[in-house]
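S.K.: I would like the atomic coordinates for the input below:
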Amino acid sequence: MASSPCDYGKMEEKNGNRGVKQVEGSIVVVPQKLLIGVSFSGTFPALVAEMPKVWEIFLQRQPEIAQVIDPHVRYDISSENQKYQFFTEYIAVEVEAFAQIPAGMVGLTLPEKTYARFRHEGPMEQVQQTYLGAFQWVKENGHLVDEQALRMERYDDRFVPSVHASERKENAYEIYLPLSS
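M.R.: Below you'll find the predicted structure:
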């Protein structure tokens, strides 16, 4: 079974540097974002099984969303409840305003936050190593991940889940780990 992103930091501590991909990160302040999209909540195994379908539904319904800032940029926002091992994922686009939220979709305000930003490049089966490297980079650079804040992944035309094959070596997207103040 795959591990959730919240487990990657714990795995890095337990395993040392084995299987950790060296990644370069940068610290960025992401301004507040207004997002509209679809969501799914469940256990991690349920997310692994259902997220490809959620992406397909979102991509089919994306044209219903008004005032989209860039239709080629999509976000996967994740909320993780460690105590109950329950996760919520939002697949969304950034909008100028919440003028109209289509039925069955949600509006989400992502507050301004400081993040460590990383790029995953390559097949999706290697994303765990990228996350491990990202957590190591955060730790080695004297930062702490804010476990209470929302995590973010930013997708553009380099990789669109459920459209591009996960094994493509050209896949690329950004990972944002929220940092504690």
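S.K.: what strands line up against the one helix or strand A92 maps to, and which way round?
M.R.: Element membership for A92, per DSSP states H and E: strand 86-94. Paired with strand 86-94 in the same sheet, following DSSP bridges, are strand 33-42 (antiparallel), strand 74-81 (antiparallel).
S.K.: average model confidence for the first one?
M.R.: Throughout strand 33-42, pLDDT has a mean value of 96.
S.K.: for that strand, buried residues please.
M.R.: Using 16 or more other CB atoms under 10 Å as the test for burial, strand 33-42 gives 33-40. Quick note: C-beta positions are derived from backbone N, CA and C, even for glycine.
S.K.: now swap in stretch 44-58 and tell me
M.R.: Burial within stretch 44-58, assessed by neighbour count using 16+ other CB under 10 Å, is assigned to 44, 47, 51, 54-55, 57-58.
S.K.: I65: which of the residues you listed is nearest?
M.R.: Nearest to I65 among the buried residues of stretch 44-58: F58, at 9.5 Å, using CB to CB.
S.K.: that closest one: what secondary structure?
M.R.: The three-state assignment at F58 reads helix, by DSSP: H, G, I helix; E, B strand; the rest coil.
S.K.: give the contact list for the residue lying closest to it once chain neighbours are set aside.
M.R.: Nearest non-adjacent residue to F58, counting by CB to CB, 6 or more residues apart in numbering: I91, 4.3 Å away. I91 makes contact with 37-39, 54-55, 58, 74-76 under the criterion CB atoms under 8 Å, 6 or more residues apart in numbering.
S.K.: one step back: immediately after the strand holding A92, which helix or strand?
M.R.: Immediately after strand 86-94, counting by DSSP H and E, sits strand 106-110.
S.K.: contact partners of that next one?
M.R.: Residues contacting strand 106-110 (CB under 8 Å, 6+ apart): 30, 32-39, 77, 90, 92, 98, 101, 150, 152.
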